[in-house]
Structures are given as structure tokens and as C-alpha cells.
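S.K.: predicted model and sequence below, questions to follow.
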Amino acid sequence: MSSPIGPKDAPRRILLGISAGIAAYKSAQLARLLKQAGCEVRVVMTDGAQAFITPLTLQALTGEPVRTSLLDPEAEAGMGHIELARWADTILVAPATADLMARLATGQADDLLTTLCLASDADKVMAPAMNQAMWRHPATQRNARQLAADGWRLLGPASGDQACGDVGPGRMLEPEAIAEAMLTSDMPSQATVDTQAQGLHVVITAGPTREPLDPVRYLSNHSSGKMGYALAEAAVTLGAHVTLISGPVNLPCPAGVERLDVQTAQEMHDASMRLTANCDIFIGCAAVADYRATRQAAHKIKKRDGEDGLTLQLVKNPDIIACVAASRPTGSRHPLVVGFAAETRELETYARDKLTRKGLDMIVANDVSQAGLGFGADDNAALVLWLDSAAPDGTGHEQLPAQPKTQLAMHVLRHALARLAAGATP
């Protein structure tokens, strides 16, 4: 963080739980950042966590004794674990291993950390950290959804290189990102978001479309589908029923998500219109081809001697997001319609125009000309704009800095759910 972000009122009392992951070394920096921001921090470590970082390190950083055992006679003389559970405003588990997530999801209380989590009414947050295959495993995804339904706020994980040599989702977010998420309060708490998401039907379009020219060639774009798939995974984690309308991508379907595969813009349009009437939030994240060939050649178009070029006749594809917004009955804001805008210049100008011209409730705009962000990348940055009658210009906005798409997806969904709760839809 460029500067510490402090709590608005009394010092936050954060109980930092550390479980047995290699990312435990990051927890020292996290504790330091939280202390610098004015929070009171007490640390609880599992037995396995002490193999990666010592209690003495955390004690030096927080100025408080570190608790490691449920059966500590000195602490338990006064029911210490109950007092610690009552003390905390927030319980933050970072890193949260697959094993700890499984135990918490099933309500186990077999060590001090899990006991505190069950005994406390504090807000609960965790930053998962594990091997990418473990994170993707259906059991872990099922546990993540259960924890979200139980009121846990999940931060991350991020994608990237892992200590085991694998590459993919499972890295613990950096301490600065976790501290930032913990100490800002301009969005609803995750427990509130989870309650709002329960039972909602979220429809998301993702990936590119392919517009055939002949049996061999097609028009398309560089979209990988990663942002749309991250949105789908985040939405199902929050407890929503998710339908993902996907163009051709090389990504596994997130656990618990219903996927409809399409190829062309027309196919994506038809699937979207079928689902619009029965969804609560529609997110148009796909990079839909604006044009298609007027006529698809029946056979491969051959290169002919003496011809220096090829002229194609193109026709506009249906504007899916505009059609979804226009399909709502007059005066209705159901479903909430969220668009995406991939631009290379004048980001805010084009995003505002698209927001109003297409009748959207919210738009997420990103500059795809920035290296390492946007198409094909694991990270993204975005400008979020939404309709807000209380704002001087009729729109609210937030700039989301570069971060893993998995994390950005959660921010986007929290915004959408906040708009829903604010009455953007009936």
C-alpha cells in the first residue's frame, strides 16, 4: 500500500489465524501492515503453521503473546479461548489451507483456531492458499461455497507461480491487498453480500465468438474467457445459481456452474435472450464479434493467382447486452444488466457512452492496450461505472487497480449486489 489506511472509529481488533501453508511467511508482513494502520492484532497459530514461521516473530510484530494451543492450562484457567473469541471484531485466517477450510466447512473444533471460529460472532475473513489442483478440486470448491454461505468472506486466491512449481490459482493474495480489503469499508461486508447472493440466478457471457468465413477460417478476437470464468466462479462461491454462456475457450468449467457452449454471436444472443427473463443479474463479459460474414462460403476460399487481395462483405451482429437491457418491461430494472467495455483509448468517455446509450445499470471498462492486463492475462484493472441518481452527473464510479482477475471478479460482483440491494431492480 502506498500509505496505511486506518480504521474510521475505534481501533479494529483483528484476530489473525495462521495455518500450515508456505504462505505463512507473508502473515508477518500482514500483521505489520495491520498494526501500522492502527489495528489491535492478536495471533493464533496452528501446530503446522509453526513449522513455517515462529510464534516469536509474530509476537515481536504485534506486541502480544501468540496463542498456539487450546489446552494451555495458564490461558484456559479463565476460559481464555472464549475471552479471545469475544475480544475480536474480525477473525482473519491467512493463509487458509485446504485442510483448514475443510474442517471449518464441516464445523470441526479440534484445535484453538477452529474453536475460536465457531465460538465467535465476529466478522470472518480468510485468504486461501494451496496448490492449484487442490484449489480446483470439487471438494475444495464445495467447501468454499459452504464457507461463503456460512458468512465467511473469501479473499482470493490469486493466480501465478507456486512454490511447488505449478502455475495457476491458489496463491495467497499479497499482504498489501489483504490489508487493503480488510481496512476499507465502502462496500457491504462479505456476509451481507453472501446473504444477497443466495438464491439469485446470475447469467454471464464469456470468451470470444467465432464468425465463420468458410469451413476453415473465422473472424474472432484475443479473448481468453478468463475474466468471465472468474466472475462465474466468484458468483457460485457467493451462493448464486450461475449459468455461463461461453464462447470457445480452453478453460475448465468452474465447479457448480452450468455452462452453455456457443460459437457465434447469434448463438450467444439466442441463449442470452432465452435466459434473460428468469435471471436476476446479467453480466455481458464476452468479447462478441461486432460483424460476421454476409454469407459463409460452402468451401474453403482459395487464393487465386493474379489477385492481390480479398474483399469480404460483413454485416453487424446483434448487440447482445443492448438487447438484454431493452428486453426489460418499461419502467423495470429487472434483471440488473452489467456490461464490459474493452478499450484502447479514452476509456471513461467510451464507457460512459456505452452505459447510457445501451441502457445498462453498470459497466466495467478496462484498457486492453496495457501490457500484462486484459486479454489472455491473469491480471486486470478496471474502471467501474454505475447509475446513481444521487451523484451530480448521475453515475458513481470506482477505479479498481491491477489485481488478479479472481479478485477483481469479486469486486465487480460486490458492486452488482450493492446496486441490487440499493433498489436498481424491483
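M.R.: Yes, it's here.
S.K.: the strands in the stretch 151-300 of the chain, which residues?
M.R.: In the stretch 151-300 of the chain, strands defined by DSSP state E, counting those that start in this stretch lie at 152-154, 158-161, 167-171, 201-206, 211-212, 218-219, 241-246, 258-261, 281-284, 291-293, listed in chain order.
S.K.: these two touch, right, residue 319 and residue 359?
M.R.: No. Contact between residue 319 and residue 359 fails when scored by C-beta atoms under 8 Å: they sit 10.8 Å apart. For every residue, glycine as well, the C-beta is placed using N, CA and C.
S.K.: common neighbours of these two, please.
M.R.: With contacts taken as C-beta atoms under 8 Å, 6 or more residues apart in numbering, residue 319 and residue 359 have no neighbour in common.
S.K.: and the closest residue to residue 63 other than its chain neighbours, how many neighbours does it have?
M.R.: Take residue 63 and drop its neighbours on the chain: the residue closest to it by C-beta to C-beta, 6 or more residues apart in numbering is residue 35, 7.8 Å away. Per other C-beta atoms under 10 Å, the neighbour tally for residue 35 reads 18.
S.K.: and residue 35, which of the three is it?
M.R.: Classification of residue 35 using DSSP: H, G, I helix; E, B strand; the rest coil returns helix.
S.K.: list the contacts for it?
M.R.: 41, 61, 62, 63.
S.K.: helices along the stretch 301-426 of the chain, start to end?
M.R.: For the stretch 301-426 of the chain, helices defined by DSSP state H, counting those that start in this stretch occupy the ranges 320-326, 347-357, 405-419.
S.K.: now the strands of the stretch 151-300 of the chain in CSV, with distance to residue 234?
M.R.: Formatted as CSV, these follow (distance: least, C-beta to C-beta, whole Å):
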stretch, distance to residue 234
strand 152-154, 9
strand 158-161, 13
strand 167-171, 12
strand 201-206, 10
strand 211-212, 29
strand 218-219, 30
strand 241-246, 9
strand 258-261, 15
strand 281-284, 11
strand 291-293, 31
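S.K.: deepest of those strands, which one?
M.R.: strand 281-284 (a mean of 30; mean count of other C-beta atoms under 10 Å).
S.K.: ok, it: who's next to it in the sheet?
M.R.: strand 201-206 (parallel), strand 336-343 (parallel) (DSSP bridges).
S.K.: what angle separates the shortest one from helix 405-419?
M.R.: Strand 201-206 and helix 405-419 are oriented at 140 degrees to each other (axes from the mean of the first three to the mean of the last three C-alpha atoms, to 10 degrees).
S.K.: quick one: work out the angle between strand 201-206 and strand 241-246.
M.R.: Using the same axes, to 10 degrees: strand 201-206 against strand 241-246 is 20 degrees.
S.K.: follow-up on the earlier one: comparing the strands of the stretch 151-300 of the chain, which gets the lowest mean pLDDT score?
M.R.: The minimum mean pLDDT among the strands of the stretch 151-300 of the chain belongs to strand 158-161 (a mean of 68).
S.K.: mind giving me the domain ranges of this structure?
M.R.: Residue ranges for the domains of the chain, per automatic domain parsing: 13-185, 195-297+309-424.
S.K.: next one: the shortest one to chain centre, how far?
M.R.: Centre-to-centre, domain 13-185 and its host chain are 19 Å apart (C-alpha atoms, centre = their mean, to the nearest Å).
S.K.: now do stretch 381-389, average pLDDT.
M.R.: 89.
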